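Q: Sequence and computational prediction follow.
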Amino acid sequence: MKKTFTALSMLSAVLIFASSCKDDKKNNPTPNYTVPTTYNFTNANFADATTRLGMVTEMQNVMKAALTGPVDGQLLKNMFANANSPFTGAAATYNTSGLQLKDQTPVLFQTDVSNFIDSLVKVSKSGTAASRGVAGVGASAASPNSKYALTATGVNYAQVFNKAIMGGLITYQIVNNYMTAGISSSVDNTNAVAGKGTAMEHNWDMAFGYWGVPIDFPTNKTGAKLWGSYSTQVDSGYKANKILMDAFLKGRAAISNKDNATRDAQATIILQAFEKLTGAAALQEVKEVKESISDNIARNSRLSECYGFVYSLKYNPKRKISDAEIDKILGMFPKNFYDLTLDQLNAIRDEIAGQYGFESVKDVL
Amino acid sequence: MRKLIYTATIAVSAFVLIQSCSKSNPGNNNGNGGNTGGGFDRKGMLTNMSTNVIIPAYTAYQTATTNLDAAVTAFTTAPDAAKLTAVQTAFKTAYLQWQSTSEFEFGPAGDANLSAGVDTYPTNVTQINSNISANTYNPDLLANLSAKGLPAMDYLLFGIGADNNAILTQYTTDATAGNRKTLLGKLSAELKANAAKILTAWNGTYKNTFLNATGTDVGSSAGQMVNELVFDYELLKNDEIGIPAGVQSMGTVFPEKVQAYYSKISLQLLLAHLQGVQDVYTGKDGLGFDDYVASTTAKYTDGTPLNDAIIKQFATAKAKLQTLTDPLSDNIKTNPTAVTAAYTELQKLTVMLKTDMPSALGILITFGDNDGD
């Protein structure tokens, strides 16, 4: 009798565990090839993605001029479209690269970028210190060397641009192109071009390149930028570094070994992780807002970062979050950032955390 | 016999499944891990912390702010020199108590951002005066955080006249005396209300939430306590002495940035704060982080047990601070060598609390991992 009881309870235990592991088993069939631990694949090449991330950096540098004087808006627009040889110095090679940012982005984003640039240019011409109702450059109260260009309502459009382009360029390219059409059955995965691999391998490599991390990430974090930086910043609450790195490595190995099931499973993981990462990054900015909560200028700039991340979800065509939900969260931000209250900030936090299942880590991301 | 084999097979496969499940679940951060890690009684520590450290601190702070608000009401109803002195005394008592209450900025206090509302300094005199002249004060605006709380009261009770006679006229014959009395009353009432709110939450459901999050992961009570303790300690080291003494500005001093600049009790507050942090570390007489660290094999760089080194460093830092005198804002200018020496000892303690202790306990420090934008 006792033995039967044991067997039964063990059986139920097995059933419980088996059901909780079902998804894992489906998504992780044992591969019969080796998945390397760094992104060091034969013919891996993502130079074009790296070049475009470099263009973003150049635009960000020009925007920093808003802290000391007028920003050249036309130059920024030229850089966005790589028109009229806008890049100088070490970046001058971009001029003849045949690559641009604009044609890689959705139409909504192109319109938005133009508006962001115009807003920033206007602030940069103000010549007065930023305060409620006055556009201009303001200094952080806690560390006066940190300066921010804010509109009369406290919005830092350089930061809105920084976050928007992570969604409008990087996430958009990864989820709408490389993780979907880029690995479809019509894409060649047979004929390898020297230094570039097959067309499908190259698509996967480009997606990895856009993430913006070194090939031995996260052991080595040197030079990680944009999403590569944020996946580390949120790592205490959302293990995006490992989730993404594992998926990129497995998927690339799968493509080279014609293991389509594994490839597709990893693509889904990556595609979903980039949306979740955006939510995590927005929460990370809420935390930063709180860390500078009594510092009006720095707080507004950080709130702009949070706003930019939430807004950038609109550019993700594969998003799970609904348009109505995005608008609801954006509507929770005060019209004038100087009017922010703690209740509003906590409500924004709770809404994002609820959307992406981050309730238990909403304050530590 | 067959039954036995069957059982064994199930047991083995269950084991395998458990193994594979735990590996495939790296993002589990629900704060409810086991409470027997390393054999240390974490639940016992949390029980002691809440019963003998945290709730008594909030209770004392709630009493102090209630007394302060009563003294303010008496003063603003009929201002005179004796009542001004009484408010000033009640203010100092509340501020001293706050120094052993600021360490728990998680749970109810974290949600309410209690610390920022109570103790943002240097206070914004321009904003305070603008709130007085407009006779408007919206406590919900984060833009008012630097114009409220104990630092704003510090200014309003000690900083608006050369002596108490001059200060008294600001509440009697001055053109904006009425508005000033109104604001002072609103500020003390807000302190009192927020203190009561946090205490009520701790005496209510939050205590159980706290006691049941017995893990060491992100979101656990031990994890949150260590993070907030270290964060608060860094405010002590940086804001209360380091920044005013010029350690972040290549020696350019900012004496007016000390805590309680106008009432000139900065050093008293600093010592009370250090004691408050130490009491959280030791759990006073019961189970604390000292026992927890001592239950590990962690050693300080000099080879001594880590806990012994930490306790010793608390004493060293305290002794260095005791060589200084109030007003600290003057000491920063007249006795910079001793101020720097005290700061150096506080800095050593930072490394122990922020790096060595979390590493020994397997607790992750999650604040400050931002890009500085």
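A: Structure's in. What do you need?

Q: B:Ala90 should be in a helix, yeah?
A: Yes: residue state for B:Ala90 (DSSP: H, G, I helix; E, B strand; the rest coil) corresponds to a helix.

Q: does it really touch B:Thr65, like I thought?
A: No: using CB atoms under 8 Å as the test, B:Ala90 is too far from B:Thr65 to be in contact (9.0 Å). Every C-beta, even on glycine, is put in place using the N, C-alpha and C of the backbone.

Q: Have a look at the two and say which one is more surrounded.
A: B:Thr65 (27 against 23; other CB atoms under 10 Å in any protein chain shown).

Q: How about the secondary structure of the more buried one?
A: B:Thr65 - assigned by three-state DSSP - is helix.

Q: Tell me the predicted confidence for it.
A: Predicted confidence (pLDDT) at B:Thr65: the value is 98.

Q: what's the answer for A:Gln159, then?
A: 97.

Q: Where does the prediction get shaky in chain A?
A: Along chain A, the parts satisfying pLDDT under 70 run over A:1-31.

Q: Tell me where it has helices.
A: A:2-27, A:47-63, A:73-81, A:107-124, A:157-165, A:172-173, A:199-211, A:227-233, A:240-256, A:260-291, A:296-312, A:323-332, A:342-356 (DSSP state H).

Q: Tell me which of those approaches chain B most closely.
A: helix A:2-27 (4.0 Å; CB to the nearest CB).

Q: pLDDT averaged over stretch B:143-158, what's the number?
A: Averaging pLDDT along stretch B:143-158 gives 97.

Q: ok now it, how far from the chain's centre?
A: Counting by CA atoms, centre = their mean, to the nearest Å, stretch B:143-158 is centred 18 Å from the centre of its parent chain.

Q: Only alpha carbons, please: show that stretch as PDB.
A: Output of stretch B:143-158 as PDB, limited to C-alpha atoms (Å, rounded to 0.1, in the frame of the first residue of the first chain):
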ATOM      1  CA  ALA B 143       9.400  70.000  -8.600                       C
ATOM      2  CA  ASN B 144       8.600  70.900  -5.000                       C
ATOM      3  CA  LEU B 145      10.800  68.100  -3.600                       C
ATOM      4  CA  SER B 146      13.600  70.500  -3.100                       C
ATOM      5  CA  ALA B 147      11.300  73.000  -1.300                       C
ATOM      6  CA  LYS B 148       9.800  70.800   1.300                       C
ATOM      7  CA  GLY B 149      10.600  68.400   4.100                       C
ATOM      8  CA  LEU B 150      13.100  68.800   7.000                       C
ATOM      9  CA  PRO B 151      15.600  70.900   4.900                       C
ATOM     10  CA  ALA B 152      12.900  73.500   4.000                       C
ATOM     11  CA  MET B 153      11.800  73.700   7.600                       C
ATOM     12  CA  ASP B 154      15.500  74.000   8.600                       C
ATOM     13  CA  TYR B 155      15.500  77.200   6.500                       C
ATOM     14  CA  LEU B 156      12.200  78.500   7.700                       C
ATOM     15  CA  LEU B 157      13.000  77.900  11.400                       C
ATOM     16  CA  PHE B 158      16.700  78.900  11.500                       C
END
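
Q: about what we covered before: just tell me which of the helices of chain A ends up closest to B:Phe158.
A: Proximity to B:Phe158 (CB to CB) singles out helix A:296-312 among the helices of chain A, at 25.0 Å.

Q: Surely B:Phe91 and B:Leu156 touch.
A: No: using CB under 8 Å, B:Phe91 makes no contact with B:Leu156, being 9.6 Å away.

Q: and the helix or strand hosting B:Asp308, how far out from the chain's middle?
A: Assigned by DSSP states H and E, B:Asp308 belongs to helix B:306-321. Distance of helix B:306-321 from the chain centroid (CA atoms, centre = their mean) equals 19 Å.

Q: Give the other helices and strands that the next helix or strand after it contacts.
A: Of the helices and strands lying after helix B:306-321 in sequence (DSSP H and E), the nearest is helix B:328-334. With contacts defined as 3 or more CB pairs under 8 Å, 6 or more residues apart in numbering or on different chains; DSSP states H and E, the packing partners of helix B:328-334 are helix B:266-282, helix B:336-351.

Q: A:Thr57: how many residues sit nearby?
A: By other CB under 10 Å, 12 other residues sit near A:Thr57.

Q: show me the contacts for A:Ala281.
A: A:163, A:230, A:233-234, A:309 (CB atoms under 8 Å, 6 or more residues apart in numbering or on different chains).

Q: what number of residues lie near A:Asn220?
A: A:Asn220 has 12 neighbours, counted by other CB under 10 Å.

Q: Ramachandran coordinates for it?
A: For A:Asn220, the backbone dihedrals (degrees, to the nearest 10) come out as phi -110, psi 130.

Q: My read is that it contacts A:Pro214, right?
A: Yes: contact criterion CB under 8 Å: A:Asn220 and A:Pro214 qualify, at 4.9 Å.

Q: Format the helices and strands packed on helix B:328-334 as a markdown table; extra columns: distance to chain A and mean pLDDT.
A: Below are these laid out as a markdown table (distance: least, CB to the nearest CB, whole Å; pLDDT from 0 to 100):
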| stretch | distance to chain A | mean pLDDT |
| --- | --- | --- |
| helix B:266-282 | 18 | 98 |
| helix B:336-351 | 17 | 96 |
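
Q: Pick the most deeply packed of those.
A: helix B:266-282 (a mean of 21; mean count of other CB atoms under 10 Å in any protein chain shown).

Q: What is the helix or strand following that one packed up against?
A: Going down the chain from helix B:266-282, the next helix or strand is helix B:289-294, by DSSP H and E. Helices and strands touching helix B:289-294, by 3+ CB pairs under 8 Å, 6+ apart, are helix B:42-48, helix B:221-237, helix B:266-282, helix B:306-321, helix B:357-361.

Q: quick one: contacts of helix B:289-294?
A: B:40, B:42, B:45, B:222, B:225-226, B:229, B:280-283, B:305-307, B:310-311, B:357, B:360-361.

Q: got the CA positions of that helix in PDB?
A: Provided in PDB are the C-alpha atoms of helix B:289-294 (Å, rounded to 0.1, in the frame of the first residue of the first chain):
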ATOM      1  CA  PHE B 289      23.800  41.200   8.900                       C
ATOM      2  CA  ASP B 290      26.700  40.900  11.300                       C
ATOM      3  CA  ASP B 291      25.600  37.400  12.200                       C
ATOM      4  CA  TYR B 292      24.800  36.600   8.600                       C
ATOM      5  CA  VAL B 293      28.300  37.700   7.400                       C
ATOM      6  CA  ALA B 294      29.900  35.900  10.300                       C
END
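
Q: Now do the same for it: mean pLDDT, whole number.
A: 97.

Q: How about the stretch 251-373 of chain B: which residue is closest to chain A?
A: For the stretch 251-373 of chain B, CB to the nearest CB, closest residue to chain A: B:Thr366, 4.3 Å.

Q: That concludes my questions; thank you for your assistance.
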